[in-house]
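Engineer: Build me a model:
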Amino acid sequence: MRLAWLLSLFLTTPALADDVTVFAAASLAGPLDQVADAFTSDTGHTVTLSYAGSSAIARQVEAGAPADVVFLANTDWMEHLAQAGAITEETRREILGNRLVIVMNRTLYDEVANAPPRGLAEGSIAMALVDAVPAGIYGRLAFEASGVWEELRPNVIEADNVRAALRLVALGAADTGVVYATDAHAEPGVEVIATIPEDLHPPIVYPAALTPDAPEAAEAFLDWLMQRDARFVFRDAGFQVIVE
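Structural biologist: Residues are numbered from 1 along each chain as shown. All right, here's what the predicted structure looks like:
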């Protein structure tokens, strides 16, 4: 009886909760927090989220930063990590898609609503780093494909990531900005004035993957990103869900 009682204690003792560290693209802030909170409530595993531009994240992870899950806004940077052996290739998943839009500071938008149309070259334009951060790269490529980049380049204010570019517009530090549709969706201080055609830049895809030493809880979190409730949160934020 005593042996049976001891065995029952081991069998009913809950598994220890882990902390999962996720390095994620800045444009995921908000909906990914909601998804992580739901994961913690359901599993008991805590999630630490660290947001930055995808290029900065890739460099940090390649240098040995302690990420368990990497969730980027660009497949090229994820491929860079794969080539460096910094992620576990077989865990890579393409999860979300997005679109680029041009936004204007809402106060300025209200002021010019009944005025003659203004060209982008007449004011400052906030963009994420145009040679490193995915949103900035996509925007630059779209303007290059349209033949207007050289005209616009002197007016571009570069920011470390797309959320920083969005804040510049919302605060009135830039007249317009190139951001993701999901960023504009979450910021009442801006107004969308145009959607950039998708054929002017490569597809905007958000891949996620585990790092080689990630704990089992990190694998559970990666699976959670593809569950029905998580997909609903991302769709509600304006993302295109690739994984069904």
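Engineer: so what's A128 closest to, chain neighbours aside?
Structural biologist: G136 (3.7 Å; C-beta to C-beta, 6 or more residues apart in numbering). The C-beta positions use only the backbone N, C-alpha and C, and glycine is treated the same way.
Engineer: And for the helix or strand hosting the one you found, what's in contact with it?
Structural biologist: Assigned by DSSP states H and E, G136 belongs to helix 134-146. With C-beta atoms under 8 Å, 6 or more residues apart in numbering as the test, helix 134-146 has contacts from 25, 27, 53-55, 72-74, 77, 100, 127-131, 149, 152, 158, 161-162, 165, 178-180, 196-197, 200-202, 204.
Engineer: Could you give the number of residues near A173?
Structural biologist: Neighbourhood size, A173 [other C-beta atoms under 10 Å]: 14.
Engineer: That one against I157, yeah?
Structural biologist: Yes: here A173 lies in contact with I157, judged by C-beta atoms under 8 Å, at a distance of 7.5 Å.
Engineer: returning to what we had before: the residue nearest to A128 and F23, how far apart?
Structural biologist: Plainly put, G136 is 19 Å away from F23 if you go by C-beta to C-beta, to the nearest Å.
Engineer: circling back to that earlier point, can you tell me which of the contacts of helix 134-146 are buried?
Structural biologist: Among these, those scoring as buried are 25, 27, 53-55, 72-74, 77, 100, 127-130, 149, 152, 158, 161-162, 165, 178-180, 196, 201, 204 (criterion: 16 or more other C-beta atoms under 10 Å).
Engineer: What segments of the protein are strands?
Structural biologist: Remark: strands assigned in the chain by DSSP state E are 19-25, 46-52, 69-71, 93-97, 100-105, 125-128, 156-159, 176-180, 190-195, 205-210, 240-241.
Engineer: and among those strands, the most buried is which?
Structural biologist: Sort those by mean neighbour count, taking mean count of other C-beta atoms under 10 Å, and strand 176-180 sits at the top with a mean of 30.
Engineer: quick revisit: for the strands of the chain, give me a markdown table that also has mean pLDDT.
Structural biologist: Formatted as a markdown table, the strands of the chain follow (pLDDT from 0 to 100):
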| stretch | mean pLDDT |
| --- | --- |
| strand 19-25 | 96 |
| strand 46-52 | 96 |
| strand 69-71 | 98 |
| strand 93-97 | 96 |
| strand 100-105 | 95 |
| strand 125-128 | 96 |
| strand 156-159 | 97 |
| strand 176-180 | 96 |
| strand 190-195 | 94 |
| strand 205-210 | 97 |
| strand 240-241 | 94 |
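Engineer: Before I go, just wanted to say thanks for your time.
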